[in-house]
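[1] here is my input, please return the structure:
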Amino acid sequence: MRVLVMLSKAILTTLATWLTLTILIALPALLPPRWEYYLISPASVALYLLAMLAAPPLACWKFRNWIRTVPGDEGRTST
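    Here you go, the predicted structure:
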């Protein structure tokens, strides 16, 4: 059960990271069309795709203490 909770928290962190990145790439659509070309260039799309791969492991590392903490499991230390 402990592994299942930790796995679900890691998946939740990954999905939240991807949702945040998707919202950030969609925000320039609210700007005038002439600005979109400069904000959504091939280089920025490549950086976005790289961030989609690199950001979830970084987010999981940042929230590793929260991911390791399992409610109701005070007997174990999460170090």
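[2] ok, now how distant is the spatially most central residue of the chain from residue 56?
    By Cα atoms, centre = their mean, the mean C-alpha position of the chain lies nearest to residue 17, the distance being 1.6 Å. To residue 56, residue 17 is 5 Å away according to Cβ to Cβ, to the nearest Å. C-beta here means a position set from N, CA and C on the backbone, and glycine is covered the same way.
[3] scan this structure for its longest helix.
    Among the segments of the chain that qualify as a helix by DSSP state H, the longest is helix 2-26.
[4] what is the least confident helix or strand in the protein?
    Lowest by mean pLDDT, DSSP states H and E among the helices and strands of the chain is helix 33-39, with a mean of 78.
[5] skipping its backbone neighbours, what lies nearest residue 56 in space?
    Distances taken as Cβ to Cβ, 6 or more residues apart in numbering place residue 14 nearest to residue 56, at 4.2 Å, with adjacent residues excluded.
[6] the one you found against residue 59, yeah?
    Yes - Residue 14 lies in contact with residue 59 (Cβ atoms under 8 Å); the separation is 7.2 Å.
[7] re earlier: CA-only coordinates of the following helix or strand past the least confident helix or strand of the chain in PDB, if you can.
    The helix or strand immediately downstream of helix 33-39 is helix 42-62, counting by DSSP states H and E. Below are the C-alpha coordinates for helix 42-62, written out as PDB (Å, rounded to 0.1, in the frame of the first residue of the first chain):
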ATOM      1  CA  PRO A  42      10.400  26.600 -33.500                       C
ATOM      2  CA  ALA A  43      13.000  27.100 -30.900                       C
ATOM      3  CA  SER A  44      10.500  27.800 -28.100                       C
ATOM      4  CA  VAL A  45       8.500  24.700 -29.100                       C
ATOM      5  CA  ALA A  46      11.700  22.600 -29.000                       C
ATOM      6  CA  LEU A  47      12.400  24.000 -25.500                       C
ATOM      7  CA  TYR A  48       8.800  23.300 -24.500                       C
ATOM      8  CA  LEU A  49       9.200  19.600 -25.600                       C
ATOM      9  CA  LEU A  50      12.500  19.400 -23.700                       C
ATOM     10  CA  ALA A  51      10.800  20.800 -20.600                       C
ATOM     11  CA  MET A  52       8.000  18.200 -20.900                       C
ATOM     12  CA  LEU A  53      10.700  15.600 -20.500                       C
ATOM     13  CA  ALA A  54      13.000  17.200 -18.000                       C
ATOM     14  CA  ALA A  55      10.500  19.000 -15.700                       C
ATOM     15  CA  PRO A  56       8.600  16.000 -14.200                       C
ATOM     16  CA  PRO A  57      11.800  14.400 -12.700                       C
ATOM     17  CA  LEU A  58      12.900  17.700 -11.300                       C
ATOM     18  CA  ALA A  59       9.400  18.300  -9.800                       C
ATOM     19  CA  CYS A  60       9.400  14.800  -8.300                       C
ATOM     20  CA  TRP A  61      12.900  15.500  -6.800                       C
ATOM     21  CA  LYS A  62      11.700  18.800  -5.400                       C
END
